[in-house]
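[1] The sequence and its predicted three-dimensional model are supplied below.
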Amino acid sequence: MIEAEIKVSVDDLSSVRKRLKELKATFITIDEEADVYFNHPLRDFAQTDEALRVRRTSADGISVTYKGPKSGLETKTREEISVIVGDYDAFIKILKCLDFKLIATIAKVREKWKLEDVNVYLDEVKGLGSFVELEAEVKSGSSLSEFEDKLFKVLDLLGLNKHRSTRKSYLELILKPAMC
């Protein structure tokens, strides 16, 4: 799957929530997510622009996701491959036995909405603040610019400033102070 994403830092999620209701967006759920990121023992994912994430949620269980390098200039667009795993502790132990290094844990409360065919996430990220993420799956045979345009249209409908968007992941934002 190729996913196109826009992430925008916001001061207050309540105005975005109100706007979603006005636009008759579909509310999905509120969930707590804990994302644990690992680095490969033989290559640095920060250098290759990849990520390996193990996510535990109260609603969806446990998933493992590989994220490929970003493409696109204005959005964070990348290949994602996810699988469901049944035993969180056992999978973490497997990664550690294979010398994968735990690099960060990111905790957030995520409110999920759907507007047209765009996933809208209202995120409260521990240590980072409030964000709105817009995601769309790029369909096979479609152009990336078509999906980027769709994301920016929804961004505009929500009254959010395109210039406050970032291509950085929460992982990059969390690690940023350590990189300075």
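    Okay, I see it. Numbering: from 1, shown residues only.
[2] packing partners for the longest helix along the chain?
    What stands out as the longest helix in the chain, according to DSSP state H, is helix 144-157. Packing contacts for helix 144-157, counted by 3 or more C-beta pairs under 8 Å, 6 or more residues apart in numbering; DSSP states H and E, involve strand 2-10, strand 76-85, strand 118-125, strand 129-138. C-beta coordinates here come from the backbone N, C-alpha and C atoms, glycine included.
[3] so what's T166 closest to, chain neighbours aside?
    Distances taken as C-beta to C-beta, 6 or more residues apart in numbering place K7 nearest to T166, at 5.5 Å, with adjacent residues excluded.
[4] That neighbour: what's it in contact with?
    Residues near K7 by C-beta atoms under 8 Å, 6 or more residues apart in numbering: 76, 131-134, 165-168.
[5] at 7 Å what do you get?
    For K7, the contacting residues are 76, 131, 133, 165-166, by C-beta atoms under 7 Å, 6 or more residues apart in numbering.
[6] Any chance you could list what contacts stretch 84-97?
    With contacts defined as C-beta under 7 Å, 6+ apart, stretch 84-97 is touched by 38, 54, 56, 61-64.
[7] if you set the cut-off to 8 Å instead, what comes out?
    36, 38, 52, 54, 56, 61-64, 102.
[8] swap in stretch 55-62?
    If you take C-beta under 8 Å, 6+ apart as the criterion, stretch 55-62 is touched by 29, 31-36, 54, 63-65, 84-88, 91.
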